[in-house]
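A.B. asks: from the sequence below, what's the structure:
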Amino acid sequence: MEKSGSVQLSATVPSSDVSRRPDTTNLVVNCPRPPSLREKLVNMVGDVFLPPANGVGAGRPPWWTWVLTALQFLFPVLKWGRSYSLKSFRSDIMAGLTLASLGIPQSIGYASLAKLDPQYGLYTSVVPPLVYAVMGTSREIAFGPVAVISLLLSSMIEKIVDPAADPGTYRGLVFTVTFLAGVFQISFGLFRLGFLVEFLSHAAIVGFMAGAAIVIGMQQLKALLGLTHFTNNTDIVSVVKAVYSDLHDDPWHPGNFFIGISFLVFILSARFVGRKYKMLSWMPSISPLLSVIFSTAAVYATRADSRHNVKIIRDVHAGLNQSSAKLLHLRGPYTPDCLKIGFVCAVIALAEAIAVGRSFASIRGYKIDGNKEMVAIGFSNVVGSLSSCYMATGSFSRTAVNFSAGATSTVSNIVMAVTVLIALELLTKLLYYTPMAVLASIILSALPGLVDVKEAHSLWKVDKLDFITCLGAFVGVLFWSVEAGLAVAIAVSFAKIIVHSVRPQVEILGRFQDTDTFCNTKQYPMVGETPTVLTARIGTSFLCFVNANSIRERITGWVDEKREEVRSVVLDVSNVVDIDTAGLAALEGMRRDLASRGVQMALASPGWRVIHKMRLGQLVAGGDWIFLTVADAVEACLAKV
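C.D. replies: This is a model prediction of the structure:
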């Protein structure tokens, strides 16, 4: 590779010509250096915790203003709580009670999906929602346990410890993963690292959710069929084999299936009626609770648990959350695995919660702060992990209910949490005879919303690579494992990024007549190319070792095709945000290649970091070949001819 450290480029414009134009070259070349990494980190933290300046010369704000700004960042309730009204409180009470009627049975079902006792699902519907209520920025999000995260935890942690053989250690690892995931989420928010969540693209989320929904549905066959033994694997092949084997070896107890299917039909029918008739819109949210009440009463009255082998919940521990701080495995052989699982769960939980929050915020015409949301979700999980709660996030199905019920703020989460807390104190003994099959029917009723066929079809029409990402996540989850589906989706997403990085777009530009506007000649055939000047735009944001030589070869190839016509090459680098040493070397190599052909090269609109690195590499000692705009560069090249 050619060295670029001591190169000084020759001038492109005579001094007489430059004097007739504004001296924009010196403005570009002599701009101040960009902020260092340390300055960026300081500014980043300052944007979060420090109050905005009151104006030029306003002086340093008092210390209490800093404290207030930091507190309002951490606790948005301090801001919106001042204008909270009694009318909003009434709406939030109704929404919270409606939310609790749906959340109590769902929480118990999701706890079973996470291979935990029922009370842990109820605990997770108490502490994390209370923390989120004072820290979150979304007014509609219903916070608590969700199906996908419950499946993700159980499928990954049970590979380390069998929950049936060692339930105490398994619970400790669940709390540890929840704690570490919360720490990751807080870090993402404080240090503006939300872009890490974006690596799990929308297409990947669509495929992952659809695959997870089918896997979760297959897992419910254990409760629906009343099976005693079942596989710990989540792929569809293992589940089908387990069902066939268990039905072949053990007698089938149809009472479980009858209860599950009956109440599944009831819940889906209530949902249909509620959507069709506005006066009965309350039915979908209360139907899961009614299912639990009716099925429990029926099993108790008929003693179906002993007569027909109907599987029931049995004991649910009553009372407040127990402290789980001593159960965390922050040191020891399990810590590396917990870190890995915690990171994956943190990203999935954030992606789901922020997507849900943004969807409903857009309906009501406001924006949520993604970084504040990450901090709020992270603190909710950290506090929850210390009080016997497993991982919580925003639930799409319960958020939709919360929204429809008229929630105006996160107070609805507080009402819901208090209601669940009362149920923990007074009503847990009534859940003894609740059949497992009805919990399976409640989980199954929530799954259709996770399978978005319409969006998958849209991905196919708009972007085939996005559809492949979606399909890869779906197939990976369905036929291998949850983590395999995530790995496939992320691998395809990275492959897409690499393909675009290795072969970035390089456009030949033409000029609109009598203007200084330059556009792609293929997109706008009416523009005219400038005689003797080849004008090209580099489309990548990072000119680096991956794509620099490809760009260099393409541009020199175009010059060779028009050897007799081209006397100058103008590169529009306005899109290039950063450049590495390979990119610098490629630019210098391109300049030499063109100079050997008698062609002058000029750069237009270089970015801040690009100019700074070119100065450090001594590539702009004279600065005569650097211009503020493409029009300046083209005029200078024409004047030279």
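
A.B. asks: count the residues that sit near the nearest residue to residue 573 once chain neighbours are set aside.
C.D. replies: Among residues not flanking residue 573 along the chain, residue 606 sits closest, at 5.1 Å (C-beta to C-beta, 6 or more residues apart in numbering). All C-beta spots, glycine's among them, are computed from the backbone N, C-alpha and C. Other residues within reach of residue 606, judged by other C-beta atoms under 10 Å, total 24.

A.B. asks: could you do residue 164 as well?
C.D. replies: 10.

A.B. asks: my read is it is in a helix, agree?
C.D. replies: No: assignment of residue 164 by DSSP: H, G, I helix; E, B strand; the rest coil gives coil, placing it outside any helix.

A.B. asks: helix or strand for residue 143, just tell me which one.
C.D. replies: strand 142-144 (DSSP states H and E).

A.B. asks: output the contacting helices and strands for that strand.
C.D. replies: In terms of contacts (3 or more C-beta pairs under 8 Å, 6 or more residues apart in numbering; DSSP states H and E), strand 142-144 is packed against helix 86-113, helix 127-135, strand 393-395, helix 396-404, helix 411-426.

A.B. asks: could you look up the SS state of residue 192?
C.D. replies: coil.

A.B. asks: can you give me the pLDDT of it?
C.D. replies: For residue 192, the pLDDT comes out at 77.

A.B. asks: got it, and residue 43?
C.D. replies: Value for residue 43, per-residue pLDDT: 68.

A.B. asks: check residue 612 too.
C.D. replies: For residue 612, pLDDT reads 87.

A.B. asks: report the secondary structure state of it.
C.D. replies: Three-state call for residue 612 (three-state DSSP): helix.

A.B. asks: residue 430 versus residue 572, what's the distance?
C.D. replies: Residue 572 sits 72 Å away from residue 430, going by C-beta to C-beta, to the nearest Å.

A.B. asks: and the gap between residue 402 and residue 610?
C.D. replies: Applying C-beta to C-beta to residue 402 and residue 610 gives a distance of 48 Å.

A.B. asks: more neighbours: which of these two?
C.D. replies: residue 402 (29 against 23).

A.B. asks: what strand or helix carries residue 204?
C.D. replies: Per DSSP H and E: helix 202-219 holds residue 204.

A.B. asks: now that helix - C-alpha only, CSV.
C.D. replies: The C-alpha trace of helix 202-219 is given here as CSV (Å, rounded to 0.1, in the frame of the first residue of the first chain):
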residue,chain,number,x,y,z
HIS,A,202,-37.5,-4.4,12.4
ALA,A,203,-37.5,-7.3,9.9
ALA,A,204,-35.6,-9.5,12.4
ILE,A,205,-38.1,-8.6,15.2
VAL,A,206,-41.1,-9.6,12.9
GLY,A,207,-39.6,-13.0,12.2
PHE,A,208,-38.4,-13.6,15.7
MET,A,209,-41.8,-12.7,17.3
ALA,A,210,-43.6,-15.0,14.8
GLY,A,211,-41.3,-17.9,15.4
ALA,A,212,-41.4,-17.4,19.2
ALA,A,213,-45.3,-17.2,19.1
ILE,A,214,-45.5,-20.6,17.4
VAL,A,215,-42.9,-22.1,19.8
ILE,A,216,-44.8,-20.7,22.8
GLY,A,217,-48.0,-22.2,21.4
MET,A,218,-46.4,-25.6,21.0
GLN,A,219,-45.1,-25.4,24.5
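
A.B. asks: specify the local secondary structure of the residue nearest the centre of the chain.
C.D. replies: The residue lying closest to the centre of the chain (C-alpha atoms, centre = their mean) is residue 351, at 2.7 Å. Assigned with three-state DSSP, residue 351 falls in the helix class.

A.B. asks: buried sites along whichever strand or helix holds residue 186?
C.D. replies: Taking DSSP H and E as the definition, residue 186 sits inside helix 167-190. The neighbour-count check on helix 167-190 (16 or more other C-beta atoms under 10 Å) flags 169-186, 188-190 as buried.

A.B. asks: export it as CSV, just CAs?
C.D. replies: Taking C-alpha atoms only, helix 167-190 is exported to CSV below (Å, rounded to 0.1, in the frame of the first residue of the first chain):
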residue,chain,number,x,y,z
PRO,A,167,-35.2,-25.0,41.3
GLY,A,168,-33.4,-22.9,43.8
THR,A,169,-30.3,-22.4,41.7
TYR,A,170,-32.5,-21.9,38.6
ARG,A,171,-34.4,-19.1,40.3
GLY,A,172,-31.2,-17.5,41.4
LEU,A,173,-29.9,-17.5,37.8
VAL,A,174,-33.2,-16.0,36.6
PHE,A,175,-32.8,-13.1,39.1
THR,A,176,-29.1,-12.7,38.1
VAL,A,177,-29.9,-12.5,34.4
THR,A,178,-32.6,-10.0,35.2
PHE,A,179,-30.2,-7.9,37.3
LEU,A,180,-27.5,-7.9,34.6
ALA,A,181,-30.0,-7.2,31.8
GLY,A,182,-31.1,-4.1,33.8
VAL,A,183,-27.5,-3.0,34.2
PHE,A,184,-27.0,-3.3,30.4
GLN,A,185,-30.2,-1.3,29.8
ILE,A,186,-29.3,1.5,32.1
SER,A,187,-25.8,1.7,30.4
PHE,A,188,-27.4,1.9,27.0
GLY,A,189,-29.6,4.8,28.1
LEU,A,190,-27.0,6.8,30.0
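
A.B. asks: pull the distance from whichever helix or strand comes after it to the chain's centre.
C.D. replies: Downstream of helix 167-190, the next assigned helix or strand under DSSP H and E is helix 195-198. Helix 195-198 sits 6 Å away from the centroid of its parent chain (C-alpha atoms, centre = their mean, to the nearest Å).

A.B. asks: pull out the buried positions in helix 195-198.
C.D. replies: Within helix 195-198, the residues scored as buried using 16+ other C-beta under 10 Å are residue 197.

A.B. asks: swap in stretch 334-349?
C.D. replies: 334-335, 337-339, 341-349.

A.B. asks: try stretch 502-518
C.D. replies: Going by 16+ other C-beta under 10 Å, stretch 502-518 has these buried residues: 504, 506, 507, 509, 510, 511, 518.

A.B. asks: start and end of that stretch, how far apart?
C.D. replies: 25 Å (C-alpha to C-alpha, to the nearest Å).

A.B. asks: where does residue 73 land on pLDDT?
C.D. replies: At residue 73, pLDDT is 77.
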